[in-house]
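Chemist: What follows is a protein structure lacking sequence information:
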């Protein structure tokens with residue numbers, strides 16, 4: 001069993017705790033929807049942008065698409081390919097999934 005990062009938590013345990021605290025019980029046929037942001041948070045996939053060192057390529061992407069250099073750098077690190085973009089968004093492919101900003105969320 002691997003160690004958890006400081007911000008990681010078990011989504012299943014959190015769901016069970018929340019259900020219990022609210023006196024709720026899942027029943028057959030219930031559907032539970034969990035956002036990808038919540039899953040990312042549970043995996044500790046949070047980045048302190050003040051610790052990101054921007055490369056020359058990150059600076060270029062930042063200027064071209066008018067996004068913060070640190071965010072551009074993280075997008076580059078998470079992307080397999082950049083297709084282009086518009087102001088504020090870079091169209092990328094990451095793990096064979098096309099996504100704006102490689103799925104990086106500023107919040």
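Modeler: Nice, I can see it. In this text the structure is predicted, and so the values were computed from the model without any measurement.
Chemist: can we go C-alpha only for contacts and neighbour counts from here?
Modeler: OK.
Chemist: Select the helix or strand of the protein having the lowest average pLDDT value.
Modeler: Least confident helix or strand, the chain: helix 36-42 with a mean of 84, by mean pLDDT, DSSP states H and E.
Chemist: Just the residues contacting it, thanks.
Modeler: 7-11, 46 (Cα atoms under 8 Å, 6 or more residues apart in numbering).
Chemist: for stretch 80-91, same thing?
Modeler: By Cα under 8 Å, 6+ apart, stretch 80-91 touches 64-67, 92-96, 98-102.
Chemist: and residue 98, backbone torsions?
Modeler: Here is the backbone geometry of residue 98 (degrees, to the nearest 10): phi -80, psi 130.
Chemist: isn't it right up against residue 92?
Modeler: Yes - using Cα atoms under 8 Å, residue 98 is in contact with residue 92, at 5.6 Å.
Chemist: So if I had to pick from those two, which one is more boxed in?
Modeler: Shown here are residue 98 and residue 92; by other Cα atoms under 10 Å, residue 92 has more neighbours (24 against 17).
Chemist: What is the strand or helix carrying residue 19 packed up against?
Modeler: Taking DSSP states H and E as the criterion, residue 19 maps to helix 11-21. Helix 11-21 is packed against no helix or strand, with contacts defined by 3 or more Cα pairs under 8 Å, 6 or more residues apart in numbering; DSSP states H and E.
Chemist: where exactly do the helices run in this protein?
Modeler: Remark: helices assigned in the chain by DSSP state H are 11-21, 36-42, 56-65, 69-78.
Chemist: Rebuild those helices as JSON lines, extending it with distance to residue 86 and mean neighbour count.
Modeler: Converted to JSON lines, these look like this (distance: least, Cα to Cα, whole Å; neighbours: other Cα atoms under 10 Å):
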{"stretch": "helix 11-21", "distance to residue 86": "35", "mean neighbour count": "12"}
{"stretch": "helix 36-42", "distance to residue 86": "23", "mean neighbour count": "13"}
{"stretch": "helix 56-65", "distance to residue 86": "6", "mean neighbour count": "17"}
{"stretch": "helix 69-78", "distance to residue 86": "13", "mean neighbour count": "21"}
